[in-house]
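Chemist: Generate a structure from the sequence data that follows.
(chains A, B and C)
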Amino acid sequence: MSFTTLKFTLNGEPIEIAVSPSDMLVDVLRDKLELTGTKKGCGKGECGACTVIMNGKAVASCLVPALKAADAEIETIEGVANGAAHPLQETFMDLGAVQCGFCTPGMIMSSKALLDDNPQPTKSEIREAIAGNICRCTGYVKIEEAVEAAAEKLREQR
Amino acid sequence: MLQEYYLPHSVADALILLKNNNGQARIIAGGTDLVIDHQAEKIKAEAFVDISNIEELKKIECADGVITIGAAVTHSEAARSELIQKHAPALAMAARSVGSLQIRNIATVVGNVVNAQPAADTAVVLAVLEAEAEVNSAAGVKYVPLYKMYAGVCKSAVDSTSQLVTRIRFIVPQRNQGTAFVRLCQRKALALPMLNVAAMVSLQGDRFAWARLAMAPVGPGPVRAIEAEKMLRGAPLTDETVEKAAQLALESANPRSSMVRGSREYRIGVLPVLVKRALTAAVARAHTN
Amino acid sequence: MSAVKREEQVVEDSKYNVIGKSVRRRDALAKVSGEATFTTDVKLPGMLYAKVLRSPYPHARIKRIDVSRAERLPGVKAVATHKNTSRERFNTSATMTFTVPHLQPVLDQYIFDDVVRYVGDEVAAVAAVSEEVARQALKLIEVEYEQLPAVYDPLEAMKEEAPDIHAGCHEGKNVPGEVVKIALGDVEKGFAESDLVIEESFKLPVQKQAQMETHAAVAQVTPEGTITVWSTTQTPHPTRMILSKVFNMPNSKIRVLNPPYVGGGFGVRIGCSAKAEPIAVALAMMTKRPVKIVYSREEDFTASDTRHGGYARVKLGVKKDGTFHALDIKGVLNGGAYCSFSSEVPGVMGTMTLAIYRIPNENFVGYPVYTNTTPCGAMRGFGNPQGNFPLESVVDMAAEQLGMDPLQLRLKNIMKAGEPWCLPYPCSSTGLAECIEKGAESIGWERRGKFNKPGATKVRGIGMGVGTHVSNSWPFCVDYDNAYITIEQDGSVQLATGVPDIGTGTSTSLPQIAAEVLGVELDKVNITFGDTANTPFDIGSHASRTLYAAGTAVIAAAKDARKQVLEYASELLDTPAERLALKNSTVFVAALGLTDSCSGSGVCQAGSGKRTSVTLQEVAAHAHLHNKQFIGVGRIVPPNSPPWEAHFAEVEVDLSTGQVRVIKLAAAHDVGKAIHPMIVEGQIEGGVLQGIGYALSEEIKYNDKGKQQNYSFHNYFLPTAEDVPEIDAIIVESNDPQGPFGAKGIGETGLVPTAPAIANAVYDATGVRFTEIPMTEERVFFGLQNKRKC
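Modeler: Next up, the predicted model:
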């Protein structure tokens, strides 16, 4: 198997790592870089647990060949808190949006990609943004509330 | 075993890479279906040629009344494109309905066609727009109409080890024309359609000048409702006409039974409903266009 | 819950300092920052990766298995089959550890057997240096199968000519364990005395837990032979007992723990996480290296327990005035290829369905039946939804025939506290009438029947369903609980309990209970949980019991520790212990009150010479310097208390496609007492959405070769965020006299009466009664068509 050096920006830091052409981004993050905050719930892009932000867009990292991330800006859950918890993290904690927690990192990444782009999302835009993130615990009710509340917090901060 | 992953910056380079690998390299765009098929060993390749970094393929353009969608344009980009929303809202809607946002942010519209899934949402709309694909290979460029893109169920007429579809293009719908897309699925996200139908109509006063209807999955690719289209040519804009078209559409459809996505009987039962809804919506759209 | 309701809650809870408040969960920060460790994240030096070879056939004998080529593949360290692993029979479910005599647990599994009984059954496993190498090695294992006849439907499997799936079924063809029979009064006489008898048959689907983290385990064996297993189990202690039996090792030499988080459960891993733990241990013993196994999502679907599908028949006898007089229920449940909890699930189906109403004559018979499908075991509700949908549909049918409002008919018949019922413990409390009243108000019950204009293609309707459940599994099986509370030398508190936190928030609510009883601030309490090495025995997180049973043990431990503290402080304060109180981490003379008393370092101490209060920190430090520590132990057998719930659904049915959309679901739940209201709401909301899935879209089907057709999130239609209706979770507090601070179980009730509420709403909208769920667009479409033909 041949290895190629993959260069990209991970949570603001430049990264260089040897990967094989068949490696998926999720496995490089979890196994090689030991950033296990990105979860793997299906490996087929059907559950959203592995969601990361690539060049500003939420993507399922289990469907992204690692080498596709060449020169990309990748953001994972580990990079979301910037000194202090991100408003999304705050509202997820305070409004009961966390239960088993396995979907939580992906859910937050999808929500963050939304709010980075759209500070005043409608309910249906929030639902569209997280529809690819399966949560079996919460019924999504409190997650939706947390995203709405975080959007409001972020607007106040601006 | 995959040995190389190329990210060329031009179409010419991509074609050279295909040629140099003698059929062992395969084009990848979004790859959301391809990587799963590759992991399941349903397809074999020694190299992937990823076209998503080719600038000229990332564009949606409109020139001389023709809209062109590059092969690296994602479903999200198509769904949010003002050009497409304005001129072919049905295509925007179809692009929005695929998978989930995480998928739509990577998966490409052209890939949705080249992958040759029988129920591909954008393909159904592209079928009524009578789109054609720009296919590049060592032999040069040719234009292939959408209906010729399918070689069988889940089988594309495009050979991604030697050919590269660079763009797909269609004529912008004119005044008095409208498109619509309807979809029946078991949940609102992460679901392939049980059935989807696209309609495009051209109106002349209180009559249909012509209409195009495409349905899926009722055959290998989008299937045109030929009989219904024939009847609609010049027919009056009435509920009876629409009802008749809906019933005639069944003559062109041959749905299969799926334990997951509905029996043949159910699909036959509701197809006319979807055709009616699509036609009605397309007419409404044409009135405002 | 609305802001107004929250305010009411706050006022009412002012008598408590810690409980009744929605404090920030202790696991929240770790989980939102990605730092929470799950089994799938565990990585050890030298760790190997396991993959399992699974049967492609529904029923076959393994004539020959040759693993030599696989063993020779570079990177492969061991291949396990039925030939080189334990021949100890077991049951992957915890039932084998807590079945009470005279009943005997059904032990019908080996790690690997020479007969495979469903598509996906374990044939062999490989441990290799990477998952990829292990996967390649599986292809090199040669297996020759002799295919055997297979059967997939429980009614077919009960017929004499059906193939035997296991030997030793003495209660009936392919019936494992016992046929479950429950009787009260004389049901035949009851029907004879009834004015109206309604009988209907129902068909029930196979639902999947589909928890987000797939089954996983990491096993490590030390040179001395002790075993540590990190896993996704909901029951660390019983899982240890299972492993102890399978590997013939003392309990004490095995440690089972969660690391500490588990990505959901919903019943699927009460006991082992499918076979993840035994396979990982077997391979770790063979290779002397740590071995990790993570199920793929497809394996999780096809090779771990599902909810039981099957058949139910309900016969209800009613007097003219609407009084229920006789009820007879028969259940035939598909148990799949191995018994798992199949001996217990029919019992819960029966008792929970019979317990809702006051009916003098009741009868239930329930058959678990082996078939060649994926094993069926525990899933949230544990048989209750399978009985509730049929009964609550029949109650609506009765109301219609009587010309009564189904809500009034229910109110007339629902169980009352202290009334006789079929259960072996008393009905200690019920807030069901209040649930019905509040749910009806939320949905706007008075609008029922006034929605639809003739000729409309989309019609609306409203329906309801009610139910109950348990708060733990006593006295149906072994159910006891222990907790330790250690007052540390600085007055902080260490709580140890054997229950895990599978996402339900017990690692927050149990410390709340400890802090409340002890009279300390919540942030002084730390909790150790889900680890057999440093917590006392407990049967785990299931049966809606975690807060109720473990909470009862925590109260006992906290009271014990508190008593020790007060006794010790009585000497310091020169006051009898019974006249002392402990609040805000301060021991004080109760009669003087905390605010009036002196802190110990103030003027009054110098002035009077006699202290009236002392901080817990001082007491603990003083004790430490005198060679003493306060260690509270709670050892309890929990009682049992019934939670109650009423669901109201408003639906819209598209008559031309058959699609049903839930507009709103109001779920009013008598939870006894909400220790953490936000967690309780979360349990209700999540349960309701699973209930909506059960009613409308979730179903695993098998084709004629026994292969699952719905084995991924792509083709198993659980709801996404875009499918959620308005859900109104309403908390009703009946303050149960037995539960911890009045609390009752809340983990499962969220999905119990959801399906009948929706089915009754669909009937209200369309006039068509659906007796098979899920009510997919196709079933509804043809149901409506058949009605038109009539």
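Chemist: Buried residues of the biggest helix by length in chain A, list them for me.
Modeler: Longest helix in chain A, counting residues (DSSP state H): helix A:141-157. Neighbour counts over helix A:141-157 (16 or more other CB atoms under 10 Å in any protein chain shown) mark A:Val141, A:Lys142, A:Ile143, A:Glu144, A:Glu145, A:Ala146, A:Val147, A:Glu148, A:Ala149, A:Ala150, A:Ala151, A:Leu154 as buried. For glycine as for every other residue, the C-beta is placed from the backbone atoms N, C-alpha and C.
Chemist: need those residues in CSV with pLDDT and distance to chain B, can you?
Modeler: Below are the buried residues of helix A:141-157 laid out as CSV (pLDDT from 0 to 100; distance: CB to the nearest CB, whole Å):
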residue, pLDDT, distance to chain B
A:Val141, 98, 16
A:Lys142, 98, 19
A:Ile143, 98, 14
A:Glu144, 98, 14
A:Glu145, 98, 19
A:Ala146, 98, 18
A:Val147, 98, 13
A:Glu148, 98, 17
A:Ala149, 98, 21
A:Ala150, 98, 17
A:Ala151, 98, 17
A:Leu154, 96, 19
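Chemist: Closest one to chain C out of those residues, please.
Modeler: Distances from chain C to these, taken as CB to the nearest CB, are shortest for A:Val141 (4.5 Å).
Chemist: who's in contact with that closest one?
Modeler: Contact analysis of A:Val141 by CB atoms under 8 Å, 6 or more residues apart in numbering or on different chains lists C:Glu685, C:Val724, C:Ile727, C:Ala729.
Chemist: any chance of the residues you listed in TSV, with pLDDT too?
Modeler: TSV is the format used below for the contacts of A:Val141 (pLDDT from 0 to 100):
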residue	pLDDT
C:Glu685	98
C:Val724	98
C:Ile727	98
C:Ala729	98
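Chemist: Can you flag which of the residues you listed belong to helices?
Modeler: Assigned to helices by DSSP H, the following of those qualify: C:Glu685.
Chemist: Go through the contacts of A:Val141 and flag which are in strands.
Modeler: Mapping these onto strands (DSSP state E) picks out C:Ile727, C:Ala729.
Chemist: Farthest-apart pair in the contacts of A:Val141, please.
Modeler: C:Val724 and C:Ala729 (12.5 Å; CB to CB).
Chemist: Please work out how many residues are found near C:Glu156.
Modeler: If you count neighbours by other CB atoms under 10 Å in any protein chain shown, C:Glu156 ends up with 13.
Chemist: Distance of the residue in the stretch 101-250 of chain B positioned nearest to chain A relative to C:Val589?
Modeler: Using CB to the nearest CB, the closest approach of the stretch 101-250 of chain B to chain A is made by B:Ala189 at 3.5 Å. Using CB to CB, to the nearest Å, one gets 63 Å for the distance from B:Ala189 to C:Val589.
Chemist: When the two are compared, which one has more neighbours?
Modeler: More crowded of B:Ala189 and C:Val589, by other CB under 10 Å: B:Ala189, with 24 against 21.
Chemist: right, and the secondary structure at the residue nearest the centre of chain A would be what?
Modeler: Closest to where the C-alpha atoms of chain A average out (CA atoms, centre = their mean) is A:Met109, at 2.8 Å. Under DSSP: H, G, I helix; E, B strand; the rest coil, A:Met109 falls in the helix class.
Chemist: Excluding residues flanking it in the chain, which one is nearest it?
Modeler: Leaving aside its sequence neighbours, A:Met109 sits nearest to A:Thr51 (CB to CB, 6 or more residues apart in numbering or on different chains; 4.4 Å).
Chemist: if I look at the one you found, how far off is A:Gly41?
Modeler: Using CB to CB, we find A:Thr51 at a distance of 10 Å from A:Gly41.
Chemist: do the same with B:His287
Modeler: 46 Å.
Chemist: for C:Gly177, what are its contacts?
Modeler: Contacts for C:Gly177 (CB under 8 Å, 6+ apart) come out as C:Leu103, C:Gln104, C:Val106, C:Glu171, C:Cys339, C:Ser342, C:Ser343, C:Pro368.
Chemist: could you redo the last one with a cut-off of 10 Å?
Modeler: By CB atoms under 10 Å, 6 or more residues apart in numbering or on different chains, the residues touching C:Gly177 are C:95, C:99, C:103-106, C:108, C:169-171, C:335, C:339, C:342-344, C:346, C:368.
Chemist: Any chance of a PyMOL selection covering the buried ones in those?
Modeler: PyMOL command restricting these to the buried ones, with burial defined by 16+ other CB under 10 Å:
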select buried, chain C and resi 95+99+105+106+108+169+335+339+342+343+344+346+368
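Chemist: Among the contacts of C:Gly177, name the ones in helices.
Modeler: Filtering the contacts of C:Gly177 for helices - DSSP H - leaves C:Thr95, C:Pro346.
Chemist: Low-confidence stretches in chain A?
Modeler: A:1 (pLDDT under 70).
Chemist: do that again at 50, thanks
Modeler: Judged by pLDDT under 50, chain A has no weakly predicted residues.
Chemist: Ok, chain C next?
Modeler: Applying pLDDT under 50 to chain C flags residues C:1-12, C:600-607.
Chemist: repeat that for 90
Modeler: Applying pLDDT under 90 to chain C picks out residues C:1-15, C:100-103, C:449-451, C:453-455, C:592-611, C:787-790.
Chemist: Give the helix, strand or coil label for C:Val133.
Modeler: Following three-state DSSP, C:Val133 is assigned to helix.
Chemist: for it, what are its contacts?
Modeler: For C:Val133, the contact set (CB under 10 Å, 6+ apart) comprises C:Leu48, C:Tyr49, C:Lys51, C:Leu73, C:Pro74, C:Gly75, C:Val76, C:Lys77, C:Val126, C:Ala127.
Chemist: Kindly report the domain assignment for the chain.
Modeler: In the absence of a named chain, chain A is used. What automatic domain parsing lists as the domains of chain A is A:4-79, A:87-157.
Chemist: I was thinking of chain B, sorry if that wasn't clear
Modeler: For chain B, automatic domain parsing gives the domain ranges B:4-50, B:55-171, B:177-288.
Chemist: how about CSV for these, with distance to chain C added?
Modeler: Converted to CSV, these look like this (distance: least, CB to the nearest CB, whole Å):
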stretch, distance to chain C
domain B:4-50, 10
domain B:55-171, 8
domain B:177-288, 4
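Chemist: ok, and the closest non-adjacent residue to whichever residue of chain A sits closest to chain C?
Modeler: Per CB to the nearest CB, A:Gly37 is where chain A lies closest to chain C, at 2.0 Å. Spatial nearest neighbour of A:Gly37, chain neighbours left out: C:Gly34 (2.0 Å); criterion: CB to CB, 6+ apart.
Chemist: that older thread, redo the buried residues of helix A:141-157 as TSV? Include distance to C:Lys450.
Modeler: Below are these laid out as TSV (distance: CB to CB, whole Å):
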residue	distance to C:Lys450
A:Val141	28
A:Lys142	33
A:Ile143	34
A:Glu144	31
A:Glu145	32
A:Ala146	37
A:Val147	36
A:Glu148	33
A:Ala149	36
A:Ala150	40
A:Ala151	38
A:Leu154	43
